[in-house]
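1. Sequence first, then the predicted structure, then my questions.
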Amino acid sequence: VLEIIFPEFSNGIVVRGRDRTWSYLGAGSKEGKQSHMASAVEEIEAMHTKLDISRNTTLLIDDDVSNIKVALLDGVRAIWLNPSKSHHLLKDIQMLV
């Protein structure tokens, strides 16, 4: 999907799934998707040393409400992707601004 939507830079988008091809050894939270996000940030910052990615510059979009709650409790902005109303996602993101 990313290659279709973003053909010019899809190879630079870091994705974390349950495939165990990545690890997170940091001291941050390992609950919810926090370790997924932290691992991706580490990889991106290693490729782009002048980037400073933080909780304030990160947004979790997830269809699992429990992951959203964990992120919000950890100070990460998060939006629930309602699978039955996915067409509302862009509007939901715009409401954050």
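-> Everything's here; your move. The model shown is predicted, which means the values in this text are computed figures rather than measured ones.

2. contacts for stretch 1-20?
-> 22, 33, 36-37, 39-40, 43-44, 47 (CB atoms under 8 Å, 6 or more residues apart in numbering). Just so you know, the C-beta spots here come from the backbone N, C-alpha and C atoms, and that holds for glycine as well.

3. cool, and stretch 59-73?
-> 29, 31-34, 37, 76-83, 89, 93, 96.

4. Quick one, which of those are buried?
-> By neighbour count, with 16 or more other CB atoms under 10 Å, those hold 29, 32-34, 37, 76-81 as buried.

5. Contact partners for Ala38?
-> Applying CB under 8 Å, 6+ apart, the residues contacting Ala38 are 24, 26, 28-29.

6. Mind checking which of those residues land in helices?
-> The helices, defined by DSSP state H, take in nothing from those.

7. mind checking how far Glu31 is from Glu42?
-> 17 Å (CB to CB, to the nearest Å).

8. Same check on Pro7?
-> 26 Å.

9. could I get the longest helix seen in the chain in PDB with only the CA atoms?
-> In the chain, with assignment by DSSP H, the single longest helix is helix 34-47. Taking C-alpha atoms only, helix 34-47 is exported to PDB below (Å, rounded to 0.1, in the frame of the first residue of the first chain):
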ATOM      1  CA  GLN A  34       5.500   2.000  22.400                       C
ATOM      2  CA  SER A  35       8.400  -0.300  21.700                       C
ATOM      3  CA  HIS A  36       7.400  -0.500  18.000                       C
ATOM      4  CA  MET A  37       7.500   3.300  17.800                       C
ATOM      5  CA  ALA A  38      10.700   3.700  19.800                       C
ATOM      6  CA  SER A  39      12.500   1.100  17.600                       C
ATOM      7  CA  ALA A  40      11.300   2.900  14.500                       C
ATOM      8  CA  VAL A  41      12.500   6.200  15.900                       C
ATOM      9  CA  GLU A  42      15.900   4.800  16.600                       C
ATOM     10  CA  GLU A  43      16.200   3.500  13.100                       C
ATOM     11  CA  ILE A  44      15.100   6.800  11.500                       C
ATOM     12  CA  GLU A  45      17.400   8.900  13.700                       C
ATOM     13  CA  ALA A  46      20.300   6.700  12.800                       C
ATOM     14  CA  MET A  47      19.700   7.300   9.100                       C
END
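
10. Done for today, thanks.
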